Each structure stands twice: as C-alpha cells, then as structure tokens.
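[1] next come a sequence and a model predicted from it.
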Amino acid sequence: MLALGFESSCDETGVALVEDGRRVLAAPLFSQIALHRPYGGVVPEYASRAHLEKFTLLTQEILVQHSLRPGDISFVAVTTRPGLVGALLVGYQTARAAARFFRAPLIGVHHLEAHLAAVRLSNIELPYPALGLLLSGGNSAIYRLEQPGCVEKLGDTLDDAAGEALDKAAQILGMGYPGGPLVEEAARAWAETRGITPGDETQIESENIFPIIMHSLPRDKISFSFSGIKTALMRYRTSTPPADIRSLAFFYQERIVEHITRNLRHALDLFPQLPVVAAGGVLANERLRRELTRLCVEKNVQLLIPERAYCTDNAAMVAAAAHLYFARGITSQYANVTSANTFI
Ligand code: KG4
C-alpha cells in the first residue's frame, strides 16, 4: 500500500513516498533554514513562497523516479494543522492536486500526531494507550494517547516551547539559527574541555548558575515554562567579566533537559504503566534522549523515539500518521478532526 505525504506546516517542504505507513521509499526535503537565518526565525510569507517553489520539483522527483501513475497510490496525506496558515495552504492545495491525479483519497493530518507517528518509520507500532511527549519549535506538551485522533492533553507550556527557548538562546549567544543543534554542539564542546563524558553531565550540577525551572512544581502537575531561564541567560550574557558562551550553553541546556525530564516523571507518576512516545525536533538532542532513556529505564517503561532524521519536520511521518486512519477505513480529509479530544 503506497502513500504520498506532504508537509509544509513551517519551514520544511517535504514530500514522501511511504509503503504500508512504515517503509520510506523516498523523502525529498527542502529545508528553508538558510532562507530564514538572517532573520533569526521563520518569516511566514517567505516560507509560503518557498513551499510554492519547491513542492512541484520535489513531487516531480518522486513521480519520475518511481514511475508513478494514477491508481498506484492508495491515499494522499497532508498536514492540515497547526502551522503557518499560508504555508499549510500551499501544502494542502498541492496534496489535493496529487489526490486528484492519483484518484486517491486525501487524509488531513494533525502535525503533532504526525510527529508521534514518526516512530512507525522505524517499524515500531505506535502503542495505545501511551504518554506522548512532544517537544518542537512551537510546542511543549505531554498527552495521554487513547487512539488515533483521540488524546487528552495532560499539560503544556505556560510561555515558550522548548525548541523556541533553544532558538532564542542561540540568538542571545550570537550563535545563529536554528538554535537547538548549535546549543547542543557548544555544550558538548565545553563538556569536553572539562573532561566530562556524555552521560556524566550532572557531576557538575552544583556549578549551574541557572535556577531550576519551576522548582516547586507539585508532583501531580505537568507544566512547562522556559521564559524565566531565557531572561536569566540574557543577564548572564552581558555580565562582567563576560561568561564563556559555551559554558552558558551547557548549563542552559542542562536546565532545559532537567525540566523536561521532571515533567515526564510527573506524568509517569500519574500513569506508571504507560509506554512513552517522545517526538518533535528537540528530540534530536542526544543529551535529552539519554536522560529520558535513563528515566524510562528507572521507571521500567518502554520509551519510543523516532530516528534522529525523522524527529524534525518531514513528510514521511505525515504518511505514517494518515496510515493509522486509512487502516481503520477512515479516508475523509476531516475524519480525524471530529473526535472529542483532538490535540487542539
Ligand atoms: O519539530 P520541528 O522540526 O519543527 C516544529 O514543528 O517546530 O522542531 C524544530 C525545533 C527547533 O526549535 C530546533 O532548534 C529544535 O527543534 N532542534 C533541536 C535539535 N535539532 C532541532 N533542539 C535541540 N537539539 C537538537 N539537536
């Protein structure tokens, strides 16, 4: 069963050909990072225009390489929400045209559900019920997943998202965009100079100048907040004598990882038996992946994280999520919006 997926919710233009919701046959992706870098963040209008330019090329590439004809595709999947509205519209219209050409149903997918479904691309079935930890440039939240399209939000962020906090930190530190990988690299380089091996970062915990985020958060609460630590970073950045930028990156990242881990621990206290699916661009972070793994081993629960390549936005995960619906006989483009508890 072949599916075409389309992703354009933010600054990645992606098309993918996926077999049975799991096997990626092609996934050309155009990243707009260079386009937005001078502005330190995504400029919505530039994003829409770049999607418009690239979608035809990427779709053509797949169609030609795989000699696809009408009838070859079982369904077309497209991200419909949430995201930049202009960018989403470009992806939606492209996917609609593709669905017409292939005479296949068009299935609309929630972007956050697609992130979680990315574990399917490693041939791992998305378990239900489960806890879903989503950390991207625009979202930081924990969900209880009941079934496809039916979720309960256990808690989210009061202000920034985790990825946003890392992007802004990199801007404050003059590193560039996107911030997550740059902060991670600077932190790793600094740890090396201190002779700290990966996994042993907490041994210098007492030196961390950043306050623990939401220190007295009750055990039964799940809530993220990153704005306070960002303000602290701004202060330390201009302090005298000037602080080593890489050490700031290291301790800043440590606090963010700690905050995320503490929130997941709270969720596991509430639902001790549930497996955890963790996804979104921030899960590309090795330090975070290690700490979450450590927690889940301690709690004796399964932890599923997509391959690094499928953590950030891509179209294969969109096809993987839509397959969950298609396999249940749901082929309407609005089918997964109507359940009582969607992601919104
Ligand atoms: O999921 P994603 O590709 O796009 C959104 O839907 O937002 O996530 C992008 C976010 C950015 O904030 C980026 O800085 C962050 O993921 N990110 C990382 C890493 N790679 C990307 N954060 C931490 N460490 C990384 N290695």
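    Everything's here; your move. Just so we're clear, the structure is a prediction, and the values are computed from it rather than from any experiment. Numbers count the residues shown, from 1 in each chain.
[2] secondary structure element holding the residue lying closest to I213 once chain neighbours are set aside?
    Once its chain neighbours are removed from consideration, I213 has its nearest residue in H259; the separation is 4.2 Å (CB to CB, 6 or more residues apart in numbering). (Glycine included, C-beta is placed from N, CA and C.) For H259, the host element (DSSP states H and E) is helix 245-270.
[3] from I229, how far out is the residue nearest to I213?
    With distances taken as CB to CB, to the nearest Å, H259 is found 8 Å from I229.
[4] G174 too?
    Note on G174: its distance to I229, by CB to CB, is 18 Å.
[5] give me the contact list for stretch 312-320.
    Outside of stretch 312-320, the residues that reach it under the criterion CB atoms under 8 Å, 6 or more residues apart in numbering are 3-7, 9-12, 14-18, 21-22, 24, 27, 29, 77-79, 109, 111, 114-115, 117-118, 120-121, 281, 284, 306, 310.
[6] mind running it again at 6 Å?
    Residues outside stretch 312-320 that contact it (CB atoms under 6 Å, 6 or more residues apart in numbering): 3, 5-7, 12, 14-16, 18, 21, 24, 27, 29, 77, 79, 109, 114, 117-118, 120-121, 281, 310.
[7] same question for stretch 260-268.
    Residues lying outside stretch 260-268 but in contact with it, judged by CB under 6 Å, 6+ apart, are 131, 133, 142, 154, 219, 222, 291, 295, 299.
[8] related to what we said a few turns ago, can you name the next helix or strand after the helix holding H259?
    Along the chain past helix 245-270, the next helix or strand (assigned with DSSP H and E) turns out to be strand 276-279.
[9] now that following strand: how far from the chain's centre is it?
    Centroid separation for strand 276-279 versus its chain: 10 Å, with CA atoms, centre = their mean, to the nearest Å.
[10] check contacts around the residue lying closest to L135 once chain neighbours are set aside.
    In space, and not counting its chain neighbours, L135 is closest to V282: 3.8 Å by CB to CB, 6+ apart. Residues counted as contacts of V282 (CB under 6 Å, 6+ apart) are 135, 162-163.
[11] can you add pLDDT, distance to the ligand and neighbour count and give those residues back as TSV?
    Output for the contacts of V282, formatted as TSV (pLDDT from 0 to 100; distance: CB to the nearest ligand atom, whole Å; neighbours: other CB atoms under 10 Å):
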residue	pLDDT	distance to the ligand	neighbour count
L135	97	8	28
A162	97	7	28
G163	96	2	26
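[12] okay, which residue is most central for this protein?
    G280 (1.5 Å; CA atoms, centre = their mean).
[13] so that one sits right up against E113, yeah?
    No: here G280 does not reach E113: they are 11.6 Å apart, not a contact under CB atoms under 6 Å.
[14] overlap in contacts, these two.
    The contact sets of G280 and E113 do not overlap (CB under 6 Å, 6+ apart).
[15] could you find the closest non-adjacent residue to the residue of the stretch 1-150 of the chain found nearest the ligand?
    Of all residues in the stretch 1-150 of the chain, the one sitting closest to the ligand is G137 (2.8 Å; CB to the nearest ligand atom). Once its chain neighbours are removed from consideration, G137 has its nearest residue in G163; the separation is 3.7 Å (CB to CB, 6+ apart).
[16] same thing with L84?
    The nearest residue in space to L84 (CB to CB, 6+ apart) is P44, at 4.7 Å.
[17] looks like the one you found contacts G83 (just checking).
    No: P44 sits out of contact with G83 when judged by CB under 6 Å, with a separation of 9.8 Å.
[18] could you grab the helix/strand/coil label for G14?
    State at G14, reduced to three classes by DSSP: H, G, I helix; E, B strand; the rest coil: strand.
[19] I meant I213, not that one.
    Relying on three-state DSSP, one would call I213 coil.
[20] what sits against the closest residue to the ligand within the stretch 201-344 of the chain?
    Per CB to the nearest ligand atom, the residue of the stretch 201-344 of the chain with the smallest distance to the ligand is G281, at 2.1 Å. Listed by CB under 6 Å, 6+ apart, the contact set of G281 reads 136-137, 163, 311-312.
[21] quick one: which of those residues is nearest A327?
    Within these, distances to A327 taken as CB to CB reach their minimum at C311, with 23.7 Å.
[22] burial measure for the closest one, as a count.
    Neighbour count of C311, defined by other CB atoms under 10 Å: 23.
[23] and if you look at L58?
    Look at L58: counted by other CB under 10 Å, it has 22 neighbours.
[24] now R188
    Taking other CB under 10 Å as the neighbour definition, R188 ends up with a count of 18.
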